[in-house]
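**Q** model the following, please.
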Amino acid sequence: MTVPPLVECRGAGRSYPGPVVALHPTSCAVPASARIAMVGPSGSGKSTLLYLLAGLEGPSSGEVRWPAIGDRRALRPGPVAMVFQGPSLLAPLTVRENVALPLQLGGTSRHEVETRTVDALAAVGVEALADALPEELSGGQAQRVAVARAIAGSPRLILADEPTGQLDHAAAANVMDALIAAADVTGAALVVATHDPAVADRLGACWRLHDGRILETQELTPA
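**A** Numbers count the residues shown, from 1 in each chain. Next comes the predicted model:
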């Protein structure tokens, strides 16, 4: 029996007024448990494709479907999680509150919110920072908290947009450790847009983008 992919693009493209073509019509799919690096220079379409896969933006042409998940309304909170490049934590909330918030908004019971929050913080090694505010965290710590927030909902697909782009080598390695470990524990697929060859080398496949097109897909042996 053929297992449906978590998400697939069928001729999906994205244009903006100007006109600016951010992504030419693209067809691709992310199967369950995939580990994919999306690489290419700035402006190559990585972030645009990632946002389409996440359902955060809709295509200007073609379609994006989530065969193994449901329609776009079923993506959050839970099945599809996103980790952004820049600061994404809410400044007035503690680490614990930042991780818990999406679960609370999704109607998760109080006991389940508490359990999932504790487990997610422990999974990425920041449980000791639960009562800290974002301003008290280093860049690497903040990104690990963002990973914890993403995985607290037990996603089936984790998408990360340059999650190590603003970090030094050691912090970047720690964030990737947390992402890969979280995906392994939950069984989620992981797609990471990155400029960093060291990040790409840790994943099982590589999509190379240029000028809004996927030029090459390649299977890798993770480092």
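
**Q** backbone phi and psi for Asn174, please?
**A** Dihedral angles phi and psi of Asn174 (degrees, to the nearest 10) take the values phi -60, psi -40.

**Q** and it, how far is that from Ala182?
**A** Asn174 is 13 Å from Ala182, where distance means C-beta to C-beta, to the nearest Å. To be clear about C-beta, it is placed using only N, CA and C from the backbone, and glycine gets the same treatment.

**Q** how about Ala171?
**A** Applying C-beta to C-beta to Ala171 and Ala182 gives a distance of 16 Å.

**Q** quick one: which of the two has more around it?
**A** Ala182 (24 against 18; other C-beta atoms under 10 Å).

**Q** am I right that the more buried one sits in a strand?
**A** No - per DSSP: H, G, I helix; E, B strand; the rest coil, Ala182 lies outside any strand segment and is helix.

**Q** residues contacting it?
**A** With contacts defined as C-beta atoms under 8 Å, 6 or more residues apart in numbering, Ala182 is in contact with 123-124, 147, 150-151, 158, 188.

**Q** next step: those restricted to strands.
**A** Ile158 (DSSP state E).

**Q** out of the contacts of Ala182, who's nearest Pro67?
**A** Taking C-beta to C-beta as the measure, Ala188 is the one of the contacts of Ala182 closest to Pro67, at 16.1 Å.
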